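Chemist: quick check, what structure comes out for this input:
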Amino acid sequence: MKFNLWVVLLSLFLLYLLFVIREDLMQNKSLANEKLWLISKSAFLTGENVELVKKLENIKHKNVIEKIAREKLNLVKKKEIAFKICQ
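Modeler: Reported below is the predicted structural model:
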């Protein structure tokens with residue numbers, strides 16, 4: 001009887017360990033997938049950041065600022081006459 005009790009307890013303990021290891025393996029795989037996704041997203045955002053920094057550097061030039069002000073904001077300099085062409 002004593003031998004059977006130890007076998008049952010050992011079997012239950014081994015089943016418990018298998019269950020815990022299985023859960024850890026599943027969580028590890030999920031975290032590895034999330035890590036890969038975050039790495040790829042970080043690379044994408046780094047590239048996008050480089051493009052935005054280049055655009056910002058271009059916009060800092062006086063002639064680009066003036067062009068944007070004239071085209072998008074319809075601004076004119078002093079002593080200039082603005083014309084609007086209607087079709």
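
Chemist: so where's this structure shaky on pLDDT?
Modeler: For the chain, applying pLDDT under 70 flags the ranges 1-2.

Chemist: biggest helix in this protein by residues?
Modeler: If you go by DSSP state H, the chain has its longest helix at helix 2-59.

Chemist: for that one, which helices and strands make contact with it?
Modeler: If contacts are counted by 3 or more Cβ pairs under 8 Å, 6 or more residues apart in numbering; DSSP states H and E, helix 2-59 sits against helix 62-71. C-beta here means a position set from N, CA and C on the backbone, and glycine is covered the same way.

Chemist: what angle separates the helix it packs on from helix 2-59?
Modeler: Going by axes from the mean of the first three to the mean of the last three Cα atoms, to 10 degrees, helix 62-71 is angled at 90 degrees with respect to helix 2-59.

Chemist: contacts for helix 62-71?
Modeler: Contacts to helix 62-71, defined as Cβ atoms under 8 Å, 6 or more residues apart in numbering, come from residues 58-59, 75-76.

Chemist: check those and tell me the two furthest apart.
Modeler: Spatially, the most separated pair among the contacts of helix 62-71 is Asn58 and Val76, at 22.8 Å (Cβ to Cβ).

Chemist: neighbour-wise, which of the two wins?
Modeler: Val76 (12 against 9; other Cβ atoms under 10 Å).
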